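Novice: take a look and give me a structure for this.
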Amino acid sequence: MYFIWHNNVLLNFGNKEFYLFLAHIKGYVFHERAIPFPDGEERLIMQSPASEINLAFAEDEWEDLKDLLTESAYLGNVYDILRGK
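Specialist: As a prediction, the model looks like this:
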């Protein structure tokens, strides 16, 4: 299992779901998907499986999340190597 805590977002994934999610978000380009919010800052909106819940990220938050997930994937690969998988 992968448990990802980033600011006010807590995500948990099985191994397969984690890598699918990582591949999905790497396809998002912030400046192509960001929209202006009332506070004047642009944010990227990512839909969740629950149609009532969406996640909004400022550019620095989005980059931090992608970096965090990429580092988690590397660490998962290290664990797999150590376990002989």
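Novice: now do the nearest residue to Phe57 once chain neighbours are set aside against Lys85, distance only.
Specialist: Closest residue to Phe57 apart from its sequence neighbours, by Cβ to Cβ, 6 or more residues apart in numbering: Leu44 at 5.0 Å. In this view, the C-beta of every residue, glycine as well, is placed from N, C-alpha and C. Remark: distance between Leu44 and Lys85 (Cβ to Cβ, to the nearest Å) = 34 Å.
Novice: with Phe18 instead?
Specialist: In this view, Phe18 and Lys85 are 15 Å apart by Cβ to Cβ.
Novice: between those two, which has more neighbouring residues?
Specialist: Phe18 (20 against 7; other Cβ atoms under 10 Å).
Novice: for that one, helix, strand, or coil?
Specialist: Three-state call for Phe18 (DSSP: H, G, I helix; E, B strand; the rest coil): helix.
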